[in-house]
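K.L.:
From the sequence below, what's the structure:
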Amino acid sequence: MQLEQFLYANEIAKCGSITQAAKNLFITQPSLTIAIQKLETELGFFLFNRSQKGVQITEKGEEALSYMQQILTLTENLTNLSPSKATAFTTMQLIAFPMFFDLLDETLFYKIQNTCPNLDFKIIEQTANTILQEVKNGSLNFAISGNASPVYQSLQASLKDSKANNIALQILYQEPLFLLLPENHILLSKETILCQDLKNETFLYFGEHLQKNQLNILEGHDFQFQETIPFYRRTSIKKALLMGQGISIMSKSQFINDPLFLSGKFFARTIEDFTNTSIHYLIYNKRHVFSKTETDVLQIVKDFYGSL
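P.N.:
Here you go, the predicted model:
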């Protein structure tokens, strides 16, 4: 028996659902099921009754869980007795492709540092293919990627490869997309904006990899922009907006705390018939067991973007 199994059983009991428990623990549902089945085999009895409505803890399971919780508490208390506990640091690397750091909100880093003061957070840039390869071979525990990023696109292509069957993909959070308009733009006077209203506009988009994602989505509305201009930093797009060079589309986190937006230099509007969202995935190796620190950091990320 392992402490991880006790943690897993405790989370399932709290959620009443293996599916939800797996999401909270950032592991795949099959991995969680196998871990609990092994624990039940070692114990010689079932901890949970399974049904289509979820799971319900058994009478023996309740008794066993009380012991597991005691063991987990005692283990934590014993760890806290260590003189080095107060100064011990856990190292975690945030590895991302170069353009990704232009998207990150500094407030998120401060929140992680305040919540996990003993976390040594390192930032390293790598190419999308390198990131994915390191997740595959287990040298990188996990990556976070948007559905339009090079990492996600490389993953989609490689999933056809049998060697990629150790990679798991889970939605971490989703964000709505907004139309960004410079001050005094004529569309700001409209109560409702439709995709067709954009056909005579110049569209400012972020990077070559987003061209297909954003433009192809809008193609479904049977129109084309008058002109499209690529940029490789979102700060450049915002400056171009101020200069009246065109309009753009961004997810909420990419502008909501921007001083230019807060001071009314550009505005965000919804497009009535455009309901697409920016989806961010957790990409990880199925063999990886998430530590408590990793789980805490991922939950902070999920809660942060979910509250915007």
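K.L.:
Only C-alpha atoms from now on, for both contacts and neighbour counts.
P.N.:
Noted.
K.L.:
roughly how far apart are Glu4 and Thr130?
P.N.:
30 Å (C-alpha to C-alpha, to the nearest Å).
K.L.:
Output the longest helix belonging to the chain.
P.N.:
helix 59-80 (DSSP state H).
K.L.:
domain parsing for this protein?
P.N.:
3-80, 90-173+279-306, 175-275 (automatic domain parsing).
K.L.:
For the stretch 101-250 of the chain, which segments count as helices?
P.N.:
Counting by DSSP state H, counting those that start in this stretch, the stretch 101-250 of the chain has these helices, from start to end: 106-115, 128-137, 150-158, 208-219, 234-242.
K.L.:
which stretch in those helices has the least confidence?
P.N.:
For the helices of the stretch 101-250 of the chain, the weakest mean pLDDT is recorded on helix 208-219, namely a mean of 57.
K.L.:
where does the stretch 201-308 of the chain have low pLDDT?
P.N.:
Under the criterion pLDDT under 70, the flagged ranges of the stretch 201-308 of the chain are 207-223, 308.
K.L.:
just to revisit the earlier point, CA atoms only for the longest helix of the chain - export them in CSV, please.
P.N.:
Provided in CSV are the C-alpha atoms of helix 59-80 (Å, rounded to 0.1, in the frame of the first residue of the first chain):
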residue,chain,number,x,y,z
GLU,A,59,-19.3,0.4,5.5
LYS,A,60,-15.8,-1.2,5.6
GLY,A,61,-14.6,1.6,3.3
GLU,A,62,-15.7,4.2,5.8
GLU,A,63,-13.7,2.5,8.5
ALA,A,64,-10.7,2.0,6.3
LEU,A,65,-10.8,5.6,5.2
SER,A,66,-10.8,6.9,8.7
TYR,A,67,-7.5,5.0,9.3
MET,A,68,-6.1,6.3,6.0
GLN,A,69,-6.9,9.9,6.9
GLN,A,70,-5.2,9.4,10.3
ILE,A,71,-2.1,8.0,8.5
LEU,A,72,-2.1,11.0,6.1
THR,A,73,-2.4,13.5,9.0
LEU,A,74,0.3,11.8,11.0
THR,A,75,2.6,11.7,8.0
GLU,A,76,2.1,15.4,7.4
ASN,A,77,2.7,16.1,11.1
LEU,A,78,5.9,14.0,11.1
THR,A,79,7.2,15.8,8.0
ASN,A,80,6.5,19.2,9.7
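K.L.:
And for that helix, what's in contact with it?
P.N.:
Here helix 59-80 makes contact (C-alpha atoms under 8 Å, 6 or more residues apart in numbering) with 3, 6-7, 9-10, 45-48, 85.
K.L.:
Any buried residues in it, and which?
P.N.:
For helix 59-80, the neighbour count (16 or more other C-alpha atoms under 10 Å) marks 61, 65, 68, 72 as buried.
K.L.:
What separation do you get for the first one and Ile34?
P.N.:
In other words, Gly61. 17 Å.
K.L.:
cool, and the second one?
P.N.:
Distance of Leu65 to Ile34, computed by C-alpha to C-alpha: 18 Å.
K.L.:
Ile18: how many residues sit nearby?
P.N.:
Per other C-alpha atoms under 10 Å, the neighbour tally for Ile18 reads 23.
K.L.:
Verify the stated contact: it with Ile12.
P.N.:
Yes: here Ile18 reaches Ile12: they are 5.7 Å apart, a contact under C-alpha atoms under 8 Å.
K.L.:
Can you work out which residues contact both of those two?
P.N.:
In terms of C-alpha under 8 Å, 6+ apart, Ile18 and Ile12 are both contacted by the residues Val55.
K.L.:
which among the contacts of helix 59-80 end up buried?
P.N.:
Applying 16+ other C-alpha under 10 Å to the contacts of helix 59-80 flags 6-7, 9-10, 46-48 as buried.
K.L.:
These in helices, which ones?
P.N.:
Among these, the residues falling in helices (DSSP H) are 6-7, 9-10.
K.L.:
And the strands in this structure?
P.N.:
48-51, 54-57, 90-96, 119-125, 142-146, 167-182, 202-206, 227-231, 248-251, 266-269, 277-285 (DSSP state E).
K.L.:
Go through the longest one and flag the buried ones.
P.N.:
Translated: strand 167-182. Judged by neighbour count (16+ other C-alpha under 10 Å), strand 167-182 contains these buried residues: 167-169, 171-175, 177-182.
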